[in-house]
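Asker: give me coordinates for this.
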Amino acid sequence: KLLATLRSTSSSVAAALAADEVTLQALVSDMLDQLPANLELDLVPHALPLSVHHETRRFNKLLACARGHLHSLTLALGGDTVMNEALEELATAVRFNELPAAWPSYPSLKPLSSYLHDLCERVAFFREWATKGPPTAVQLSAFFFPQGFTSEVLQTHARKHGIPVETLTFDFEHLKEPPSVLPEDGVCMHGFFL
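Answerer: Predicted structure coming up:
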């Protein structure tokens with residue numbers, strides 16, 4: 001009787017693991033489909049601010065890493081490569097909807113599914129900037145390193161007006177409507193969270 005119980009238990013455990021693997025493969029496939037293409041800096045028709053150029057490189061690094069890791073996990077789940085410790089950690093993160101620790105990400109407390117949606121929106125913002133020119137209002141929350149952009153804004157203003165950059169600070173004005181044209185001086189920003 002003990003052997004029969006062990007056999008039935010082991011077959012039900014094997015069935016549960018197989019079902020989990022199929023679910024995991026479906027999740028990974030969906031995630032790969034969601035990931036946007038890298039930002040093509042060679043095709044930009046105009047000069048990007050240096051901080052924006054750095055941001056696009058950071059996003060390309062993140063996208064390439066995520067895409068590569070998920071592709072490797074797909075191969076391991078299909079039995080085409082060995083499931084190593086790093087892939088096990090990735091599989092666990094995907095199962096529990098957590099951001100993989102190995103990804104060179106911007107700070108985020110979002111679950112993985114929400115993170116991917118946010119990542120797609122951020123990449124779309126920079127893709128539009130690269131293809132259509134600077135936005136009338138910059139989404140500051142889209143940046144990995146917003147301090148780089150704000151420092152560049154101060155430096156640009158200082159050069160334009162011949163003012164020492166260390167004497168400059170930001171002045172804020174709440175706008176009821178988003179601007180329709182670029183400001184002559186400074187920058188309009190949105191995406192602040194407290």
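Asker: ranges for the strands of this protein?
Answerer: 138-139, 189-190 (DSSP state E).
Asker: any chance of those strands in CSV, plus mean neighbour count, distance to Leu70 and mean pLDDT?
Answerer: Placement of C-beta: from N, CA and C, glycine included. Shown next, in CSV, are the strands of the chain (neighbours: other C-beta atoms under 10 Å; distance: least, C-beta to C-beta, whole Å; pLDDT from 0 to 100):
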stretch, mean neighbour count, distance to Leu70, mean pLDDT
strand 138-139, 20, 26, 94
strand 189-190, 16, 31, 90
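Asker: got TSV for these, with distance to Cys120 too?
Answerer: Shown next, in TSV, are the strands of the chain (distance: least, C-beta to C-beta, whole Å):
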stretch	distance to Cys120
strand 138-139	13
strand 189-190	18
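Asker: give me the neighbour count for Val28.
Answerer: 21 (other C-beta atoms under 10 Å).
Asker: cool, the one 4 residues further on as well?
Answerer: In terms of burial, Leu32 registers 14 neighbours under the definition other C-beta under 10 Å.
Asker: helices along the chain, start to end?
Answerer: Taking DSSP state H to define them, one finds helices in the chain at 2-34, 50-77, 85-95, 112-132, 146-161.
Asker: quick one: the second one to helix 85-95, angle?
Answerer: Read it as helix 50-77. For helix 50-77 against helix 85-95, the angle by axes from the mean of the first three to the mean of the last three C-alpha atoms, to 10 degrees is 100 degrees.
Asker: and helix 50-77, average pLDDT?
Answerer: Helix 50-77 shows a mean pLDDT of 95.
Asker: contact partners for Thr156?
Answerer: Taking C-beta atoms under 8 Å, 6 or more residues apart in numbering, we find Thr156 in contact with Pro49.
Asker: need the residue closest to the centroid of this protein.
Answerer: Leu119 (3.4 Å; C-alpha atoms, centre = their mean).
Asker: so who does it touch?
Answerer: Counting by C-beta under 8 Å, 6+ apart, Leu119 touches 35-36, 62-63.
Asker: hmm, which two among the residues you listed are most spread apart?
Answerer: Using C-beta to C-beta, the pair of those lying farthest apart is Pro36 and Leu62, separated by 10.8 Å.
Asker: which one of the two is surrounded by more residues?
Answerer: Applying other C-beta under 10 Å to Pro36 and Leu62 shows that Leu62 carries more neighbours, namely 20 against 16.
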